[in-house]
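Chemist: predicted model and sequence follow; I will ask about them next.
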Amino acid sequence: MFGYGPPHLADLPRIIDTAAPSAPVLVTVNGMGWVKMGWEDTLHAMQDAAGLELRARSRIFHLLNKGIHAELLDLRRG
């Protein structure tokens, strides 16, 4: 699945539901969107509410010429 712009946190359960059980779902979130949309503060609450398991979170290179990173999330249905 590809999208334009940072995904909305509330969309994570629907994104996860498209995958087979226990299949990895990799989501990238633009670093500016991560801050602007409050991902840091609400990701763990969303995990608990939607039964999502965060297997890994990594900071990756994104828009180097603009100094913007991205967050790579490895998610599964919990």
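Modeler: Alright, I've got the coordinates.
Chemist: show me where the chain has strands.
Modeler: Counting by DSSP state E, the chain has these strands, from start to end: 25-30, 52-63, 68-77.
Chemist: turn the ones you listed into TSV, including mean neighbour count, distance to Lys36 and mean pLDDT.
Modeler: Using the backbone N, CA and C atoms, a C-beta is placed for each residue, glycine as well. Formatted as TSV, the strands of the chain follow (neighbours: other CB atoms under 10 Å; distance: least, CB to CB, whole Å; pLDDT from 0 to 100):
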stretch	mean neighbour count	distance to Lys36	mean pLDDT
strand 25-30	18	9	88
strand 52-63	12	14	91
strand 68-77	17	12	90
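Chemist: tell me which of those strands sits nearest to Asp17.
Modeler: With CB to CB, the closest approach to Asp17 among these belongs to strand 68-77: 7.9 Å.
Chemist: about what we covered before: just send the strands of the chain back as a markdown table, with distance to Thr42 too.
Modeler: Putting these into a markdown table (distance: least, CB to CB, whole Å) gives the following:
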| stretch | distance to Thr42 |
| --- | --- |
| strand 25-30 | 12 |
| strand 52-63 | 12 |
| strand 68-77 | 13 |
